[in-house]
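Trainee: show me the folded form of this:
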Amino acid sequence: EVQLVESGGGLVQPGGSLRLSCTVSGFTFSRHAMSWVRQAPGKGLEWVSGISNGGGSMSYSDSVKGRFTISKDNDKNTVYLQLNSLKTEDTAMYYCVKEIGRWWDDGMDYWGKGTLVTISS
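Mentor: The predicted structure follows:
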């Protein structure tokens, strides 16, 4: 059974930082790219970042480029998202997503339940 479990969300002031983690099981992690997708209150889904299966290639949406960093530890079956210089508009539920193939645009097939990030003073 494929499982993706996110953690690390919370309430942070603007300008602060968080690190999200997603630990997976039930598939060969090193063979799959991973993505982070978020959904702000009352809005649609927004792809945030993706990382290739080996962790050597990453991509970011324009809204987070330069502030967020994605990484992947294939020994620990975990993907991370470091969030820096947080803004109120980063408030959202953040989902970890398994990609079908080695690249982040191959298509998504499994989602975690999400971790809530709230940016507020």
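Trainee: where exactly do the helices run in this structure?
Mentor: Assigned by DSSP state H, the chain shows no helices.
Trainee: so, low pLDDT: which residues of it?
Mentor: Along the chain, no part satisfies pLDDT under 70.
Trainee: who's in contact with the residue positioned nearest the centre of the chain?
Mentor: Of all residues in the chain, the one closest to the mean position by C-alpha atoms, centre = their mean is Trp36, 2.8 Å from it. By C-beta atoms under 8 Å, 6 or more residues apart in numbering, the contact set of Trp36 is 20, 22, 47-50, 70, 79, 81, 94-97. Placement of C-beta: from N, CA and C, glycine included.
Trainee: which one of the residues you listed is nearest to Val12?
Mentor: Leu20 (11.6 Å; C-beta to C-beta).
Trainee: residue contacts, the residue lying closest to Thr118 once chain neighbours are set aside?
Mentor: Excluding its sequence neighbours, the residue lying closest to Thr118 (C-beta to C-beta, 6 or more residues apart in numbering) is Leu11, at 4.7 Å. Contact partners of Leu11, counting by C-beta under 8 Å, 6+ apart, are 118-120.
Trainee: what does Gly10 give?
Mentor: When contacts are counted by C-beta under 8 Å, 6+ apart, Gly10 is found next to 18, 116-118.
Trainee: any chance of CSV for the residues you listed, columns distance to Trp104?
Mentor: Output for the contacts of Gly10, formatted as CSV (distance: C-beta to C-beta, whole Å):
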residue, distance to Trp104
Leu18, 21
Leu116, 23
Val117, 20
Thr118, 26
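Trainee: what subset of those is buried?
Mentor: Buried members of those, counted by 16 or more other C-beta atoms under 10 Å: 18, 117-118.
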